[in-house]
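Participant: Can you look at this prediction? I've put the sequence above it.
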Amino acid sequence: MKKVLICSAAVLAILLAGSTALTKEKGKAKNPDRGTRKLSEEEKQWREKLKEMTPEQRRLEMAKKALANELGPWQEVRRIAVEEKAAKTVAAIDKIIAAKQEQFKKKLQAMKEGGPAKTDKAKGEGERRDGPRPERKKAKTQE
């Protein structure tokens with residue numbers, strides 16, 4: 001089982017490195033200034049849709065998109081493993097995908113129950129868990 005996970009992680013790393021290298025080369029050849037990126041129609045529509053939503057709906061949609069982005073490489077590796085008829089690798093990847101989806105469902109349930117998100121509080125506004133701050137020892141200075 002460990003070997004399968006290690007192999008699948010290695011395949012994933014190779015795929016990500018290759019796709020990153022290819023996109024960098026394509027970007028240099030097509031757009032030498034690369035300062036701005038044009039949005040596709042689909043992305044423009046998605047951003048417009050987000051503007052019309054409530055904060056809770058927006059958070060939910062962004063979480064769904066993050067899950068899809070996170071599962072994308074795993075699904076690609078799974079597709080390759082299916083083509084090569086690597087049953088054990090497919091089973092391992094299925095378990096990883098199922099675990100990630102289960103984590104997402106738990107987070108989604110917490111969001112629906114009205115639990116505050118980390119971004120709802122301003123920085124430093126939350127309660128301290130460890131009580132008052134202990135006094136620091138002053139460094140000895142040479143006189």
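Facilitator: Yep, it's here.

Participant: For the chain, which segments count as helices?
Facilitator: Counting by DSSP state H, the chain has helices at residues 2-30, 41-51, 55-83, 87-112.

Participant: Mind telling me which of these the model trusts least?
Facilitator: Of all those, the minimum mean pLDDT falls on helix 2-30 (a mean of 66).

Participant: Turn the helices of the chain into TSV, including mean neighbour count and distance to residue 138.
Facilitator: (Each C-beta comes from the backbone N, C-alpha and C, glycine too.) Shown next, in TSV, are these (neighbours: other Cβ atoms under 10 Å; distance: least, Cβ to Cβ, whole Å):
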stretch	mean neighbour count	distance to residue 138
helix 2-30	12	48
helix 41-51	10	51
helix 55-83	14	45
helix 87-112	14	44
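
Participant: Dump those into TSV; add distance to residue 137 as well.
Facilitator: As requested, these are exported to TSV (distance: least, Cβ to Cβ, whole Å):
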stretch	distance to residue 137
helix 2-30	44
helix 41-51	50
helix 55-83	43
helix 87-112	41
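
Participant: Quick check on residue 40: phi, psi?
Facilitator: Main-chain dihedrals, residue 40, degrees, to the nearest 10: phi -80, psi 160.
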